[in-house]
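[1] I'd like to go over a predicted model; first the sequence, then the structure.
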Amino acid sequence: MGKIIAIANQKGGVGKTTTAVNLAASIAAAEHSTLLVDTDPQANATSGLGFDSKEQHKTTYEVLIGSISATETVLKSSMPFLSLIPSHINLVGAEIEMVNETNREQRMRSALSSVRSSFDYVIIDCPPSLGLLTLNALTAADSVLIPVQCEYYALEGLGQLLNTINIVKKNLNPQLDIEGVLMTMYDSRLRLSNQIVEEVRKYFQEKVFSTIIARNVRLSEAPSFGKPILLYDALSSGTRNYMELAQEVLKRNQPNSSAHSKSSITLSQPVPPSTHTLPPQSSESGKIA
């Protein structure tokens, strides 16, 4: 049965879609069957694999409202081991349509149950919010990967995300784990970037991936060509970074890997907006294993 990993952070511009598309492509390049699920109404992951979202009539929206099954929406990409469930702007209305439905947080989990056995990995690209769409993704996922931009403002709201993960874990998905924290848009020339990495590693410890995604022009260009970085420029540093990330993810999910063992992370308060430091750990708050 495939491992489901949600890529989530309610802040925009931290590299969620870039990570979802390129991690999925890199895992597929390692010949693991991979499904990318676009749950963002902006449909950037869909266009990032070369599909026009406006032309798609079987999308995440139809799956969530229950008009079709997930198996009917799966599209084959240009990469042999990579498939996609596309998104559409109509997905904006899904949260409103589902608000009075029973088990509305479980829609994605139920939908993916019919396809996850066909893939080794399912990667969910979440929208930049903590609304019902992201809640559905977290409820369906086995783990969540958190991209954190190497800039000060990226730390704001991180505490809110961790609290949401705690709530989902307590009430909807007890098995939800933190797959890892990924530092993105890193610039080694900036002292602030190094400070952010240091503080995040101090707090999340071994949950922070060794791989850091550096700022890279080719990574920014690739989506406009409808290609993951691997197909756009195989020799770029962006390709190297995401291939290294894929190897870390695969290693962490080996059955006997020590890297796959769970660690406990506690949250005592939201990340303060006025300092560079992350909150101290405390036994009074809930734990995320």
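    Received it, and whenever you're ready, just let me know what you need.

[2] Only C-alpha atoms from now on, for both contacts and neighbour counts.
    Fine.

[3] so where do the strands sit in this protein?
    Listed from the start of the chain, the chain has strands (DSSP state E) covering 3-7, 34-38, 75-76, 82-85, 121-125, 143-149, 177-186, 208-214, 265-266, 287-288.

[4] Name every sheet partner of the third one and say whether each one runs parallel or antiparallel.
    Based on DSSP bridges, the strands next to strand 75-76 in the sheet, each with its direction, are strand 82-85 (antiparallel).

[5] Can I get the strand it pairs with in CSV? Just the C-alpha atoms.
    Output of strand 82-85 as CSV, limited to C-alpha atoms (Å, rounded to 0.1, in the frame of the first residue of the first chain):
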residue,chain,number,x,y,z
LEU,A,82,4.6,9.4,-12.5
SER,A,83,0.8,10.0,-12.6
LEU,A,84,-1.4,13.0,-11.6
ILE,A,85,-4.8,13.7,-10.2
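
[6] Could you tell me how far it lies from the centre of the chain?
    The gap between the average C-alpha position of strand 82-85 and the chain average comes to 15 Å, counting by Cα atoms, centre = their mean, to the nearest Å.

[7] and if you look at stretch 36-44?
    In terms of Cα atoms, centre = their mean, the gap separating the centre of stretch 36-44 from the centre of its chain is 11 Å.

[8] Also stretch 182-190?
    With Cα atoms, centre = their mean as the basis, the distance from the averaged C-alpha position of stretch 182-190 to the chain average is 18 Å.

[9] any residues touching that stretch, and which ones?
    Outside of stretch 182-190, the residues that reach it under the criterion Cα atoms under 8 Å, 6 or more residues apart in numbering are 14-15, 145-150, 193-194, 197, 208-209, 211-216.

[10] Just the pLDDT at the nearest residue to Pro147 once chain neighbours are set aside, thanks.
    Setting aside the residues directly before and after it, Pro147 is nearest to Leu182 in space (Cα to Cα, 6 or more residues apart in numbering), at 4.6 Å. The predicted local confidence for Leu182 comes out at a pLDDT of 96.
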